[in-house]
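*Asks:* Sequence and predicted structure are below.
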Amino acid sequence: MRGNDERTGSLFSYVDLEVRVRQNHPLRTIRHRVNEALLALADDFSALYSPIGRPSIPPEKLLRPMLLQAFYSIRSERLLMERLEYDLLFRWFVGIGVDDAAWDHSVFSKNRDRLLEGDIAVKFLGAVLAQPRVKKLLSSDHFSVDGTLIEAWASMKSVKPRDGAGEPPENGGGRNAEADFHGQKRNETHASTTDPDARLCKKGKGKEAKLCFMGHGLMENRHGLLVDACLTLANGHAERVAALHMIEPHADRPPAITLGADKAYDAEVFVNELRSMKVTPHVAQNTSGRRSAIDGRTTRHGGFVVSQQIRKRIEEAFGWIKTVAGQDKSRFRGRDRVGWAFTFAAAAYNLVRLPKLLVVPI
């Protein structure tokens, strides 16, 4: 018998969000890890707020929807709040009731500077990795490092001479007149008026130059989790400098650790610096027209081949951060804000991986 198409809504209803979310949903494991990490940061959050005045929206309730924004590729805070308005799963994860109203999207802009000042993204990444069950997954001996370009939220037309001599040409064409900058080092003489921290950079020969930052990640080789992440200005030395900075806290302890990297890191100064830190440089050899800094002392060991195979997994992390978490082209301006978003996306990537790595149910 055909049912009647009648509306079943009523004036009063009771919805238990805990029942609505299935027991094997991946977000259950993720929420448990997120809540433990946020609890560990309680003192850091308290230090960011005045002890007097009207209570604010808890920072924990701001960070949870920002994680959902990365998980579900939501491109703006406006759409995030719209989703939070009607999605019961989102409300359950964030920790608000069915009858609670979603916030205005501007609360994220107003509180982002406070979270940036407290370096919460780095601390949140560390708090997730410091949990006992997560810490058991991490390798303490073998790491890989790499860098990736993050396109800045700025147009090429915003690039002007630093000395202010950017008047339109007299031969016509206005602001969009044709110009040939081939072979010029414009980063030394020009800067973007939209985002002065962005630098012109290209992925390789024959590729177009874009205004970019450079994101860096340090991965442990056992399960491919990111143990550190940072963002720098885009230049030819940024990858090696960032790699030394990120591996230093793990170095100089027995047994000697290894660091896998691609041939862009094959520089004598970098390799010697790693060896002085008692880090074995498993760096791919760059033999294109010059002598490699990596010789038989390193390549003769089987571990070198293994490191070269595993180090490529860091591209999976960068691919997720840029494609799913939306960091391929940043929505923010300035190195600090772009770096905060990149590091927070790295923490979100680890959280996405944990439900499958933590086989035992919570």
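*Replies:* Right, received. Where do you want to start?
*Asks:* Quick one: the helices in the stretch 101-250 of the chain, in order.
*Replies:* In the stretch 101-250 of the chain, the helices defined using DSSP state H, counting those that start in this stretch lie at 106-117, 120-129, 132-135, 186-189, 238-247.
*Asks:* So, low pLDDT: which residues of the stretch 101-250 of the chain?
*Replies:* 165-184 (pLDDT under 70).
*Asks:* again, 50 this time
*Replies:* Of all residues in the stretch 101-250 of the chain, none has pLDDT under 50.
*Asks:* Out of the helices of the stretch 101-250 of the chain, the one nearest Val15 is which?
*Replies:* helix 106-117 (24.7 Å; Cβ to Cβ). To be clear about C-beta, it is placed using only N, CA and C from the backbone, and glycine gets the same treatment.
*Asks:* If you count contacts, what does that closest one end up packed against?
*Replies:* On a contact count with 3 or more Cβ pairs under 8 Å, 6 or more residues apart in numbering; DSSP states H and E, helix 106-117 meets helix 59-71, helix 335-357.
*Asks:* on that earlier part again, can I get the helices of the stretch 101-250 of the chain in TSV including distance to Lys160 and mean neighbour count?
*Replies:* TSV is the format used below for the helices of the stretch 101-250 of the chain (distance: least, Cβ to Cβ, whole Å; neighbours: other Cβ atoms under 10 Å):
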stretch	distance to Lys160	mean neighbour count
helix 106-117	27	15
helix 120-129	31	21
helix 132-135	47	13
helix 186-189	10	13
helix 238-247	23	20
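*Asks:* I'd like those laid out as a markdown table, including distance to Asp43.
*Replies:* As requested, the helices of the stretch 101-250 of the chain are exported to a markdown table (distance: least, Cβ to Cβ, whole Å):
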| stretch | distance to Asp43 |
| --- | --- |
| helix 106-117 | 15 |
| helix 120-129 | 10 |
| helix 132-135 | 20 |
| helix 186-189 | 41 |
| helix 238-247 | 25 |
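*Asks:* so how many other residues sit close to the nearest residue to Leu27 once chain neighbours are set aside?
*Replies:* In space, and not counting its chain neighbours, Leu27 is closest to Phe93: 5.6 Å by Cβ to Cβ, 6 or more residues apart in numbering. As a burial measure, Phe93 scores 23 neighbours (other Cβ atoms under 10 Å).
*Asks:* in what helix or strand does Phe93 lie?
*Replies:* helix 88-94 (DSSP states H and E).
*Asks:* which residues are contacting that helix?
*Replies:* 15, 17-18, 20-21, 25, 27, 31, 61, 64-65, 68, 83-84, 97-98, 100 (Cβ atoms under 8 Å, 6 or more residues apart in numbering).
*Asks:* what's the offset of that helix from the middle of its chain?
*Replies:* 23 Å (Cα atoms, centre = their mean, to the nearest Å).
*Asks:* looking only at pLDDT, what's the mean for that helix?
*Replies:* Across helix 88-94, the average pLDDT comes to 95.
*Asks:* same check, this time on stretch 334-342
*Replies:* Mean predicted lDDT for stretch 334-342 stands at 95.
*Asks:* And stretch 14-26, by the same measure?
*Replies:* Stretch 14-26 comes out at a mean pLDDT of 89.
*Asks:* how about that stretch as PDB, C-alpha atoms only?
*Replies:* Once non-C-alpha atoms are left out, stretch 14-26 reads as follows in PDB (Å, rounded to 0.1, in the frame of the first residue of the first chain):
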ATOM      1  CA  TYR A  14      13.800  15.600  21.100                       C
ATOM      2  CA  VAL A  15      17.000  14.700  19.100                       C
ATOM      3  CA  ASP A  16      19.800  12.900  20.800                       C
ATOM      4  CA  LEU A  17      22.900  13.700  18.700                       C
ATOM      5  CA  GLU A  18      24.900  11.000  20.400                       C
ATOM      6  CA  VAL A  19      22.400   8.400  19.100                       C
ATOM      7  CA  ARG A  20      22.200   9.900  15.600                       C
ATOM      8  CA  VAL A  21      26.000   9.400  14.900                       C
ATOM      9  CA  ARG A  22      26.800   5.800  14.200                       C
ATOM     10  CA  GLN A  23      29.200   4.100  16.600                       C
ATOM     11  CA  ASN A  24      31.800   3.300  13.900                       C
ATOM     12  CA  HIS A  25      31.900   6.800  12.400                       C
ATOM     13  CA  PRO A  26      35.500   7.900  11.900                       C
END
